[in-house]
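Asks: quick one, what's the 3D model for this:
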Amino acid sequence: MNLCTSLAAGFAVLAAGAGLALVGDNTAAAVPVNSVPADSVTGPARMGGDGSCYLNWVHKDQQSVNMWCAGSGPERYGVTVQCTKNGKNYQYNSENTPVYGDRGGAVATCKEGTATTWWPHPA
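Replies: As a prediction, the model looks like this:
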């Protein structure tokens, strides 16, 4: 098991109890992350996708995550990451928005703190 796999497995326990996260005026369910990276997770990203999104990796610094969503373009998706620092939560969206089905995925990075949970969304 490599470091990224170990970290992803560790985040599974942390993210599983995350519950719901508010995004703007909408409530989006936090994506439950399975103990094995690239297992299917379900999230609110559905427009051009089939509803299945996958965790590619969590960076060893615990500040970046990469997810991809199954389906086919031309619709695009992104990822939001919630980060925690000194008891405060911050949310950051991915800067890249790949088309559904692009397994390269979307990367979301914490500018402050470490990643505690993440979820996909239509772009």
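Asks: show me where pLDDT drops low in the chain?
Replies: 1-47 (pLDDT under 70).
Asks: make it 50
Replies: Within the chain, the ranges that satisfy pLDDT under 50 run 1-40.
Asks: quick one, strands of it?
Replies: For the chain, applying DSSP state E gives strands covering 20-23, 26-29, 40-42, 49-58, 64-71, 77-85, 88-93, 106-109, 114-122.
Asks: now render these as CSV, adding mean neighbour count and distance to V99.
Replies: In short, each C-beta sits where N, CA and C put it, glycine included. Listed next are the strands of the chain as CSV, based on neighbours: other CB atoms under 10 Å; distance: least, CB to CB, whole Å:
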stretch, mean neighbour count, distance to V99
strand 20-23, 13, 21
strand 26-29, 12, 20
strand 40-42, 15, 19
strand 49-58, 20, 10
strand 64-71, 24, 8
strand 77-85, 22, 8
strand 88-93, 14, 17
strand 106-109, 23, 10
strand 114-122, 23, 11
